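S.K.: no letters, just coordinates:
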């Protein structure tokens with residue numbers, strides 16, 4: 001128990017070669033190595049989980065990460081492993097580890113747990129398949145690969161599959177008889193003090209190991225507070241931090257763009273275009289809608305005026321002063337008008353101005369007779385007055 005590694009939980013997968021070149025007694029040595037490695041680890045559901053894979057021409061998952069959480073059960077399962085013989089499909093074995101072992105369904109902890117994913121490949125031969133690309137994919141996926149070569153192993157293949165730095169991830173032993181000596185080497189590697197893995201660092205978001213110490217950091221979109229432990233969301237809408245054309249909406253360390261009323265966000269999610277506010281259903285003008293750069297105003301047809309509500313229209317009084325060109329009388333006819341004249345005047349051909357009417361001199365016969373009688377009476381009276389004045 002004193003040799004157990006207490007301070008670095010892992011999701012650890014052993015991939016062991018049991019091809020034809022590995023003799024039965026040598027494979028037994030590999031199983032002893034696995035058992036002694038298990039003894040050095042702090043095994044448990046919340047600490048280090050272990051899986052074992054066995055490969056030759058085919059690949060067999062002897063037990064995944066979710067199966068055993070105590071050393072006795074693991075070592076018992078290891079003792080029952082039988083070699084597969086035939087070829088050496090190392091690339092296939094690593095691919096199978098990615099596809100079938102390093103999954104949450106099979107017991108791998110979620111990435112948010114920040115538990116290192118580690119593979120230890122033990123082989124004594126040259127891979128009979130392509131290992132370069134599959135190993136690169138595994139490393140890109142965050143899997144740390146250690147390569148252990150025995151006896152006639154192809155060292156170049158070990159270097160191709162292992163993680164950097166190679167001098168810390170590639171090991172060689174002359175025979176399976178001394179493979180157990182690697183146990184202490186791995187114990188030193190896995191038990192290196194990692195304060196971030198201990199869970200006692202106090203960093204709110206990201207812990208960065210720094211030898212025997214550590215530093216705190218923050219996720220993208222956050223900045224480290226003066227206490228050097230907690231994080232605050234960066235104001236991504238501060239000038240110069242965003243690419244929004246009009247409105248920037250801060251969103252938990254990120255941002256989204258929006259537009260002013262009357263504008264819509266373009267497919268680039270940054271710039272805005274004015275809406276056609278006069279499109280059907282977008283305005284409440286009774287007669288005419290006038291679009292105006294993302295807004296609108298209402299107007300009226302000729303002969304109507306805009307009401308104070310700036311939306312509806314009323315027929316204009318076409319005979320109001322200044323609205324017509326009649327000289328004397330304006331006669332309204334719905335939206336139009338005609339001109340007329342006062343009594344004693346007639347409308348000129350221009351249909352606007354008026355002229356005084358000419359009185360006719362023609363009289364009737366009766367009126368003519370009356371006039372003659374009056375004239376005769378006036379003459380008679382005049383003659384009589386003259387006669388009286390001479391006496």
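M.R.: Received it, and whenever you're ready, just let me know what you need. Everything numeric in this text was worked out from a predicted model, so none of it was measured.
S.K.: mind listing what's buried along stretch 116-125?
M.R.: For stretch 116-125, the neighbour count (16 or more other Cβ atoms under 10 Å) marks 116-125 as buried. The C-beta positions use only the backbone N, C-alpha and C, and glycine is treated the same way.
S.K.: now do stretch 65-83
M.R.: Buried, per 16+ other Cβ under 10 Å, within stretch 65-83: 65-69, 71, 74-75, 77-78, 81, 83.
S.K.: of the residues you listed, which pair is most distant in space?
M.R.: 69 and 83 (26.4 Å; Cβ to Cβ).
S.K.: quick one on the thing from earlier: return the member of the buried residues of stretch 65-83 nearest to residue 286.
M.R.: Set against residue 286, the nearest of the buried residues of stretch 65-83 by Cβ to Cβ is residue 66 (72.1 Å).
S.K.: can you tell me the closest non-neighbouring residue to the closest one?
M.R.: Nearest non-adjacent residue to residue 66, counting by Cβ to Cβ, 6 or more residues apart in numbering: residue 107, 2.8 Å away.
S.K.: just the pLDDT for the one you found.
M.R.: Turning to residue 107, the model gives it a pLDDT of 94.
S.K.: mind putting the buried residues of stretch 65-83 in TSV, secondary structure included?
M.R.: Conversion of those to TSV gives the following (DSSP: H, G, I helix; E, B strand; the rest coil):
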residue	secondary structure
65	coil
66	coil
67	coil
68	coil
69	coil
71	helix
74	helix
75	helix
77	helix
78	helix
81	coil
83	coil
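S.K.: list just the nearest of the residues you listed to residue 99.
M.R.: Closest to residue 99, out of all of the buried residues of stretch 65-83 and judged by Cβ to Cβ, is residue 65, at 13.9 Å.
S.K.: now do the same contact list for that closest one.
M.R.: The contact partners of residue 65, taken as Cβ atoms under 8 Å, 6 or more residues apart in numbering, are 11, 13, 49-51, 101, 106-108.
S.K.: just name the closest of those residues to residue 383, please.
M.R.: residue 108 (152.6 Å).
S.K.: any regions of the stretch 101-250 of the chain where pLDDT drops low?
M.R.: Filtered on pLDDT under 70, the stretch 101-250 of the chain yields the residue ranges 191-200, 210-213.
S.K.: quick check, residue 157 in contact with residue 88.
M.R.: No: here residue 157 lies out of contact with residue 88, judged by Cβ atoms under 8 Å, at a distance of 9.5 Å.
S.K.: what domains does the record give for the protein?
M.R.: The chain is divided into the following domains under automatic domain parsing: 11-192, 197-233, 326-365.
S.K.: output the ones you listed as CSV; include the columns distance to residue 288.
M.R.: Below are the domains of the chain laid out as CSV (distance: least, Cβ to Cβ, whole Å):
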stretch, distance to residue 288
domain 11-192, 60
domain 197-233, 49
domain 326-365, 15
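S.K.: out of those, which one sits most buried?
M.R.: The densest packing among the domains of the chain, expressed as mean neighbour count by mean count of other Cβ atoms under 10 Å, is seen in domain 11-192 with a mean of 18.
S.K.: coming back round to it: so the residue nearest to residue 66 makes contact with residue 69?
M.R.: No: look at residue 107 against residue 69 with Cβ under 8 Å: they stay out of range, at 9.4 Å.
S.K.: identify the contacts common to these two.
M.R.: With Cβ under 8 Å, 6+ apart as the test, residue 107 and residue 69 both reach residue 49.
S.K.: check the gap between residue 303 and residue 36 for me.
M.R.: 103 Å (Cβ to Cβ, to the nearest Å).
S.K.: not counting its neighbours along the chain, what's nearest residue 126?
M.R.: Residue 126's closest residue in space is residue 154 (Cβ to Cβ, 6+ apart), at 3.8 Å.
S.K.: do you know how far the one you found is from residue 131?
M.R.: The gap separating residue 154 from residue 131 is 10 Å, by Cβ to Cβ.
S.K.: quick one, helices of the stretch 1-150 of the chain?
M.R.: For the stretch 1-150 of the chain, the helices defined by DSSP state H, counting those that start in this stretch cover 24-40, 71-79, 90-96, 132-140.
S.K.: which residues are contacting the longest one?
M.R.: Identification of contacts with helix 24-40 by Cβ under 8 Å, 6+ apart yields 3-5, 14, 16, 18, 22, 50, 52, 71, 74-75, 78-79, 81, 83, 120, 122, 124, 150, 175-177, 179-180, 182-183, 186-187, 190-191.
S.K.: now do it, average pLDDT.
M.R.: On average, the pLDDT along helix 24-40 is 90.
S.K.: what do residue 157 and residue 88 both touch?
M.R.: With Cβ under 8 Å, 6+ apart as the test, residue 157 and residue 88 both reach 123, 126-127.
S.K.: now do the helix or strand containing residue 182: which elements does it pack against?
M.R.: Element membership for residue 182 (DSSP states H and E) is helix 182-190. Counting by 3 or more Cβ pairs under 8 Å, 6 or more residues apart in numbering; DSSP states H and E, the packing neighbours recorded for helix 182-190 are helix 24-40, strand 143-150, strand 170-173.
S.K.: and the strands in the stretch 251-391 of the chain, which stretches?
M.R.: Shown for the stretch 251-391 of the chain, the strands assigned by DSSP state E, counting those that start in this stretch span residues 254-258, 263-265, 272-274, 288-292, 295-299, 304-306, 313-315, 329-333, 336-340, 345-347, 354-356.
S.K.: tabulate those strands (CSV), appending distance to residue 207 and mean pLDDT.
M.R.: Putting the strands of the stretch 251-391 of the chain into CSV (distance: least, Cβ to Cβ, whole Å; pLDDT from 0 to 100) gives the following:
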stretch, distance to residue 207, mean pLDDT
strand 254-258, 23, 89
strand 263-265, 39, 87
strand 272-274, 42, 85
strand 288-292, 56, 86
strand 295-299, 53, 87
strand 304-306, 68, 85
strand 313-315, 71, 83
strand 329-333, 88, 87
strand 336-340, 86, 88
strand 345-347, 101, 91
strand 354-356, 101, 92
